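Asker: Need the 3D shape of this:
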Amino acid sequence: MMPDLSLAPAWTALFIGLFALFAGLGEWRKPGHWHTLIGEIVGSPALQMVTGLVELFLGAVVYLANPWASPDWLSSTMSVIGGLMCIEALLVIAFSDVYMAFWLRRFGPLSRLWSGCSMAIGAVLIGVGLMRF
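Answerer: Model prediction:
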């Protein structure tokens, strides 16, 4: 018996949207929070490995729960997001010094812009996910 995954894209969009919205809200409230977070990851090989492992696991779950070859555009989009998460996780594990340093330079003066984009993307994903229920 196969599990019914017809609502997987909606749930995936909803939870990724909630994460993006509230992460952006946290950065909006306390600008520089993400910069500090990435700085701590750069300084700790253990955090680099754990960050990569958690993102790889979550990306794989998102990718596998949402079929790529689906007539549903949301399922395909969530599958792409899961695949990109896996690629980013592998970059974090293998090239954390270079990859995280790249992002560390991007979060300084533009933290309000990044947090606004995160909240906007989160709101869109939440809306799209909720429209599927």
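Asker: other SSEs contacting the helix or strand of the chain with the lowest mean pLDDT?
Answerer: Every helix and strand of the chain was ranked by mean pLDDT, DSSP states H and E. The lowest is helix 33-42, at a mean of 92. Counting contacts by 3 or more C-beta pairs under 8 Å, 6 or more residues apart in numbering; DSSP states H and E, helix 33-42 packs against helix 8-29, helix 45-65, helix 73-106, helix 111-131. Where C-beta positions appear, they are placed from N, C-alpha and C, glycine not excepted.
Asker: Between helix 45-65 and it, find me the angle.
Answerer: 110 degrees (axes from the mean of the first three to the mean of the last three C-alpha atoms, to 10 degrees).
Asker: Can you give me the buried ones in helix 33-42?
Answerer: 33, 34, 35, 37, 38, 41, 42 (16 or more other C-beta atoms under 10 Å).
Asker: And stretch 78-92, by the same measure?
Answerer: 78, 79, 81, 82, 83, 85, 86, 88, 89, 91, 92.
Asker: Without its sequence neighbours, what residue ends up closest to the third one?
Answerer: The shortest distance from residue 81 to any residue other than its chain neighbours is 6.2 Å, reached at residue 62 (C-beta to C-beta, 6 or more residues apart in numbering).
Asker: Columns mean pLDDT on top of the helices and strands packed on helix 33-42, output as a markdown table?
Answerer: As requested, the helices and strands packed on helix 33-42 are exported to a markdown table (pLDDT from 0 to 100):
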| stretch | mean pLDDT |
| --- | --- |
| helix 8-29 | 97 |
| helix 45-65 | 97 |
| helix 73-106 | 94 |
| helix 111-131 | 97 |
